[in-house]
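A.B. asks: need the 3D shape of this:
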Amino acid sequence: MFNLKSIPGNLSGKKVLLRVDFNMPSKREVGDDLRWANTLPTIKFLIRKKARIILISHLEKGGVHPSMKTVFDKIKRKIRNARFSSGLVGHKTSKEVNSLKPGQILMLENLRWNAGEKKNSPVFAKNLASLADIYINEAFSVSHRRHASIVGLPKYLPSYAGPLFKEEIKNLSLAFNPSNPFMLVVGGNKLATKIPLIKKFFKKADYIIVGGSLARSFIDSKGRGLKTSKILLPRDVTVRRKNRKIVIDTLQLKKEDIIYDLGPKSMKEIAELASKSRFILWNGPLGFVEGGYVSGTLSLIKALRMTKAKVIAGGGDTAAFLQSRRLGKGFHFISTAGGAMLDFLVRGTLPGIEALKK
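C.D. replies: A predicted model of the protein is given here:
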């Protein structure tokens, strides 16, 4: 689709700057992280090719940027010949990189420790580029950001998209020409990011399911001008009253009620539509899964795994839920991207993709 260059076959002894997304929750074991699991084959490929691998990533928790050492301590149990550098650029880091032997790995410190990363500083990008011979972007999930490690590096090094990066593009692009009936399932709580997605596929989709706290926004605002018979709003929902969970019909919602999950009537209707569909795109849980309201999302997953439709699922919370529950089987593809998935589906490209085309 974008005619991105393939990684060269001869990488022996080459210093490869591999941009990954290891922005994983501190409490999650590395084996439970889908981004890590999907990136591991690329790392092993580069090891087999006897490349000298330099891993770069960011890590952010609630606006704070911890050391990548916390992530490294987890992944070093999974891969051999890996070392950690407390730096990003400079003489010390360059010396550590040059000491690498073929097949060895050096993980650098958190990219966001340098202000030049988010500012897309040419100086920072050049300094990073000076460490390596080639650059590979395997961080599709961050490629909606115009950061130095995403759009700056390709200006200074021969640059390529990694296998996972290409898989994300190939599979998400299926949504642009879907088989019908096409069902779009949108959950989560970020209304501002989901409305463009609904608008993008409004004409192509046969059914649009709205769940999560988005459902309340649609019920209250009439879908901001999008409310039609094509958009299926919940028939019943789970709320809390007097400190206990109850399921009520949507018509019984009070102004102060918060929708925590979808009810059984809603899920039965969604399952029936899923069984009729040939292509399904799902982004976002149907309930407040972090708080234990998982019934609606589990019912949806069961319905999606039973359908004969081609199912593409994604979003950071969706992928994490599927991975943590070991429920990923039966899906055609699970995207590990959050904002990048939404931006790609709405715009058809990303800054990180465009940078690799130049």
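A.B. asks: who's in contact with the closest residue to Asn189 other than its chain neighbours?
C.D. replies: With CB to CB, 6 or more residues apart in numbering as the criterion, Asn189 has its nearest non-adjacent residue at 4.1 Å, and that residue is Ser213. The C-beta positions use only the backbone N, C-alpha and C, and glycine is treated the same way. Taking CB atoms under 8 Å, 6 or more residues apart in numbering, we find Ser213 in contact with Gly188, Asn189, Ile258, Ile259, Phe288.
A.B. asks: count the neighbours of the third one for me.
C.D. replies: In other words, Ile258. Counted with other CB atoms under 10 Å, residues neighbouring Ile258 total 12.
A.B. asks: gap between it and Gly291?
C.D. replies: Distance, Ile258 to Gly291, using CB to CB, to the nearest Å: 10 Å.
A.B. asks: quick one on the thing from earlier: need phi/psi at the residue nearest to Asn189.
C.D. replies: Dihedral angles of Ser213 (phi, psi; degrees, to the nearest 10) stand at phi -70, psi -10.
A.B. asks: and Ser159, by the same measure?
C.D. replies: Phi and psi for Ser159, reported as degrees, to the nearest 10, are phi -130, psi 140.
A.B. asks: name the element the nearest residue to it once chain neighbours are set aside belongs to?
C.D. replies: Using CB to CB, 6+ apart and skipping the chain neighbours, the partner closest in space to Ser159 is Tyr135 (4.5 Å). Applying DSSP states H and E as the criterion places Tyr135 in strand 134-137.
A.B. asks: which neighbouring elements make contact with that strand?
C.D. replies: Secondary-structure packing of strand 134-137 (3 or more CB pairs under 8 Å, 6 or more residues apart in numbering; DSSP states H and E): strand 15-19, strand 159-161, helix 351-357.
A.B. asks: need the ones you listed in a markdown table (columns: mean neighbour count, mean pLDDT and distance to Ser275).
C.D. replies: Below are those laid out as a markdown table (neighbours: other CB atoms under 10 Å; pLDDT from 0 to 100; distance: least, CB to CB, whole Å):
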| stretch | mean neighbour count | mean pLDDT | distance to Ser275 |
| --- | --- | --- | --- |
| strand 15-19 | 23 | 98 | 41 |
| strand 159-161 | 22 | 97 | 36 |
| helix 351-357 | 20 | 96 | 35 |
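A.B. asks: would TSV of these with distance to Ser86 be doable?
C.D. replies: What follows is those, written out as TSV (distance: least, CB to CB, whole Å):
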stretch	distance to Ser86
strand 15-19	18
strand 159-161	26
helix 351-357	27
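A.B. asks: go through these and name the closest to Pro181.
C.D. replies: Smallest distance to Pro181 across those (CB to CB): 29.6 Å, for helix 351-357.
A.B. asks: fine, thanks again, bye for now.
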